[in-house]
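S.K.: Make a model of this:
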Amino acid sequence: MTMKSLLPLALCGWSVLFAATEAAARPDAQKTRAYIDHAWTTLTRSMDDCSALGDSKVGTRPLLYLPANLPAPPALAAMQAHCRVEVQVLPRAIGELGDIAPATLPRQGLLYLPHPYVVPGGFFNEMYGWDSYFIVLGLLADQRTALARDMVDNALFEVRYYGAVLNANRSYYLTRAQPPFLGAMMRALLDDPASFKDQAAARAWLQQAYPLAVRDHATWTRREHLAGDTGLARYYDYGGAAPVLEMRDSSYLRGVIDWLIAHPSEDPGYLVKASEHPDAAEVVRLKAASCDVEASKVCAGAWSKGFRLSADYYLGDRAMRESGFDTTFRMGPFGGSTHHYAPVDLNSLLYRYERDLHDFAVQLGRTADAAHWADVAAARRAAIDKYLWRADQGMYMDYDFVHGKPSGYRFVATYYPLWAGAASPQQAAALRGRLGVFERKGGLQMSEHASGAQWDAPFGWAPTNWLAAAGLDAYGFHDDARRIAREFTATIDRSLAADGTIREKYNMASGNADVKISAGYTANVIGFGWSNGVYLKMQALLQERTGGPVRGAGARRDSALAGGSRP
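M.R.: From the prediction side, this is the model:
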């Protein structure tokens, strides 16, 4: 057979191969669902899972900490022998965040949790605060009720023994929380009939959980968490003016310094002139002006071209990490002024929390408590309207209480009040009219600013897309909610078809996982817990035929316990 006669066969073979490749790369929701179904198992950890003990962020030998006021769990000895891990007891019982300074511990380690939990993915090998809400929604949507309840019970355990729902269950997080979703997690569980065997069991569980939720909420009304005299809250970390302990080296901080040097007009005062190798007198000065170079190698190495970072920057950097939006330029470059602001997202979440606590109190027959929470929620809603609503912009915007002025940074968290039920119908309609500021091919991007940071344009994330879509749906804008759900789920489908993974974040302009970060964290982690959960919730929203509010979207539905109403 001649080469000429072989050519048609070769072309036919290539066409078959091309068709097979094209089919393999075609977005397919069923393949996405199969990936998610498998991922719940691969992302689940527990204390007897030795892989949960390691922490690539700090690189130290595994260590497990037990609360000082918790009797040794029966399975501890077997786990300790199996995983060959050192176990220590925290030096004292914890009443609230900051009671124990993590830097005083012999080394950093995993904080004990009694139940299995789902981690986000990648190098995130612990149970995270706000990730867990969206993961719980996904688990409930996927009828994995027992695991969802385990996660909520773990969050309540953190409140009881570590003072609040933590950023995550690592000892270096004992000084900060994350966005407060505990009330919403509890409601999601109570709203699922399969979570408890009957109403009596649900009520008994709520009886135990309610005081812990009240204690967790109190974290946000401590003096340090107040946004001046606005009646609103701010993010704040009790670790002081120092680099966070999970930061292994100074490269990130040197990058911040270099950026500020290159953009002097955008420096809010973060740069401090200093020596690379300060003498004794300068060391003392830097303890107040910057950070303690003798106490922290990361602090000592955070120098570039004659400058260090101010103590106020370190306070803001820590607050930014508590916000979960790490990093965005929304509250100063690299989030370094986060503690100067009353944020839309935090105060919307607290309003929702207070309404949930009101409803729980009603369900438990605590009349005085219910009246208290109704008053607290009403006061916060009035403060939100006074300080955060911008009628001229038709949006909610953060408020700089230090300088007494609203932010001009348009951020997708403006839709949180819809999910929380804090907006009036007129405000909701105005917000709907601003979707074009954020909406792109792949869904809602974080902001208009292409700062190079992962929580800015053109990037979008599962939690903010879900809260916006659910909020719009709850206010009757069903077509908008479903359009955003279609856009974002299509982005996940396309990305999975392209490389077989679900990611932490996506490019909203291109509608895929092509994410290139130049400011801050550069990885696009594979997993990914909250992307999985939001995908399932959005698919359920798209499949609804009634056009009514979606479960957990801020609108009330029948639950395992009767009573209460959404605002």
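S.K.: Please, where are all the strands along the stretch 351-500 of the chain?
M.R.: 389-390, 395-396, 399-400, 405-406, 439-440, 443-444, 459-461 (DSSP state E, counting those that start in this stretch).
S.K.: Report all helices and strands that the last one contacts.
M.R.: Using 3 or more CB pairs under 8 Å, 6 or more residues apart in numbering; DSSP states H and E as the contact test, the elements touching strand 459-461 are strand 505-507. To be clear about C-beta, it is placed using only N, CA and C from the backbone, and glycine gets the same treatment.
S.K.: Return the set of buried residues in the next helix or strand after the strand it packs on.
M.R.: Where DSSP states H and E defines the elements, the next helix or strand beyond strand 505-507 is helix 529-543. Using 16 or more other CB atoms under 10 Å as the burial criterion, the residues of helix 529-543 that qualify are 529-539, 541-542.
S.K.: State the mean pLDDT of helix 529-543.
M.R.: If you average the pLDDT over helix 529-543, you get 98.
S.K.: To Ala295, which of the strands of the stretch 351-500 of the chain lies closest?
M.R.: Of all the strands of the stretch 351-500 of the chain, strand 399-400 sits nearest to Ala295, with 30.7 Å by CB to CB.
S.K.: Remind me what the closest one packs against, helices and strands.
M.R.: Secondary structure elements in contact with strand 399-400, counted by 3+ CB pairs under 8 Å, 6+ apart, are strand 341-342, strand 405-406.
S.K.: which of those sits most buried?
M.R.: Taking mean count of other CB atoms under 10 Å as the contact definition, the stretch among those with the greatest mean neighbour count is strand 341-342, which reaches a mean of 27.
S.K.: so what strands line up beside that strand?
M.R.: Strand 341-342 has the following strand partners under DSSP bridges: strand 399-400 (antiparallel).
S.K.: Now do the partner strand, average pLDDT.
M.R.: 98.
S.K.: Repeat that for stretch 406-420.
M.R.: Looking at stretch 406-420 alone, the average pLDDT works out to 98.
S.K.: Stretch 122-141 too?
M.R.: For stretch 122-141, mean pLDDT rounds to 96.
S.K.: Could you export the helices and strands packed on strand 399-400 as TSV, including distance to Leu357?
M.R.: Putting the helices and strands packed on strand 399-400 into TSV (distance: least, CB to CB, whole Å) gives the following:
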stretch	distance to Leu357
strand 341-342	20
strand 405-406	28
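S.K.: nearest to Asp456, of those strands?
M.R.: Closest of the helices and strands packed on strand 399-400 to Asp456 is strand 341-342, at 15.9 Å (criterion: CB to CB).
S.K.: Glu439 touches Arg486, doesn't it?
M.R.: No: the pair Glu439 and Arg486 does not pass the contact test of CB atoms under 8 Å, sitting 11.7 Å apart.
S.K.: Of the two, which one has the most company?
M.R.: A count of neighbours by other CB atoms under 10 Å puts Glu439 above the other of Glu439 and Arg486, at 19 against 15.
S.K.: any idea how far that one lies from Met508?
M.R.: As judged by CB to CB, to the nearest Å, Glu439 and Met508 stand 8 Å apart.
S.K.: who touches both of these two?
M.R.: Residues touching both Glu439 and Met508 (CB atoms under 8 Å, 6 or more residues apart in numbering) are Gln445.
S.K.: For the closest residue to Gln80 other than its chain neighbours, give the beta-bridge partners.
M.R.: Excluding the flanking residues, the one nearest Gln80 by CB to CB, 6 or more residues apart in numbering is Val87, at 5.4 Å. In this structure, Val87 bridges to Leu64 when assessed by DSSP bridges.
S.K.: Look at Val87 and say how many residues are nearby.
M.R.: 17.
S.K.: Ok, Gly240 next?
M.R.: Taking other CB under 10 Å as the neighbour definition, Gly240 ends up with a count of 15.
S.K.: Let's test this: what are the backbone torsions at it?
M.R.: phi 80, psi -180 (degrees, to the nearest 10).
S.K.: do Gly332 as well
M.R.: phi 90, psi 160.
S.K.: what's the spacing between the residue nearest the centre of the chain and Arg107?
M.R.: The C-alpha lying nearest the average C-alpha coordinate of the chain belongs to Trp130 (CA atoms, centre = their mean; 3.9 Å). Computed with CB to CB, the distance linking Trp130 and Arg107 is 27 Å.
S.K.: is it true that Asp142 touches Trp40?
M.R.: Yes: in this structure, Asp142 is within contact of Trp40 by CB under 8 Å, at 6.9 Å.
S.K.: returning to that earlier point: using CSV, please lay out the buried residues of helix 529-543 together with distance to Leu357.
M.R.: Formatted as CSV, the entries for the buried residues of helix 529-543 read as follows, by distance: CB to CB, whole Å:
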residue, distance to Leu357
Gly529, 26
Trp530, 24
Ser531, 29
Asn532, 29
Gly533, 24
Val534, 25
Tyr535, 30
Leu536, 27
Lys537, 24
Met538, 28
Gln539, 31
Leu541, 27
Leu542, 32
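S.K.: what's the closest of those to Arg390?
M.R.: Once CB to CB is applied, the member of the buried residues of helix 529-543 that ends up nearest Arg390 is Val534, at 27.6 Å.
S.K.: Quick check: the gap between that closest one and Gly138.
M.R.: In this view, Val534 and Gly138 are 7 Å apart by CB to CB.
S.K.: where do the helices sit along the stretch 101-250 of the chain?
M.R.: Listed in chain order, the helices of the stretch 101-250 of the chain (DSSP state H, counting those that start in this stretch) span 129-141, 145-162, 182-190, 199-218.
S.K.: Apart from its chain neighbours, what residue comes closest to Phe329?
M.R.: Nearest in space to Phe329, with sequence neighbours left out and distances taken as CB to CB, 6+ apart, is Ser451 at 4.1 Å.
S.K.: ugh, wrong one, I meant Cys299
M.R.: Excluding the flanking residues, the one nearest Cys299 by CB to CB, 6+ apart is Cys291, at 3.9 Å.
S.K.: who touches the one you found in this structure?
M.R.: Residues near Cys291 by CB under 8 Å, 6+ apart: Ala241, Ala242, Pro243, Cys299, Ala302, Arg308, Leu309, Ala311, Tyr314.
S.K.: Also Leu226?
M.R.: Applying CB under 8 Å, 6+ apart, we find Leu226 in contact with Leu232, Ala233, Arg234.
S.K.: Model confidence score at it, please.
M.R.: As predicted, Leu226 sits at a pLDDT of 98.
S.K.: What of the one 4 residues further on?
M.R.: The predicted structure scores Thr230 at 98 on the pLDDT scale.
S.K.: if I pick it, what's in contact with it?
M.R.: The contact partners of Thr230, by CB under 8 Å, 6+ apart, come to Ala342, Ala383, Lys386, Tyr387, Tyr399, Phe401.
S.K.: Go through the residues you listed and name the one nearest Gly500.
M.R.: Each of the contacts of Thr230 was checked against Gly500 using CB to CB; the closest is Ala342, at 42.3 Å.
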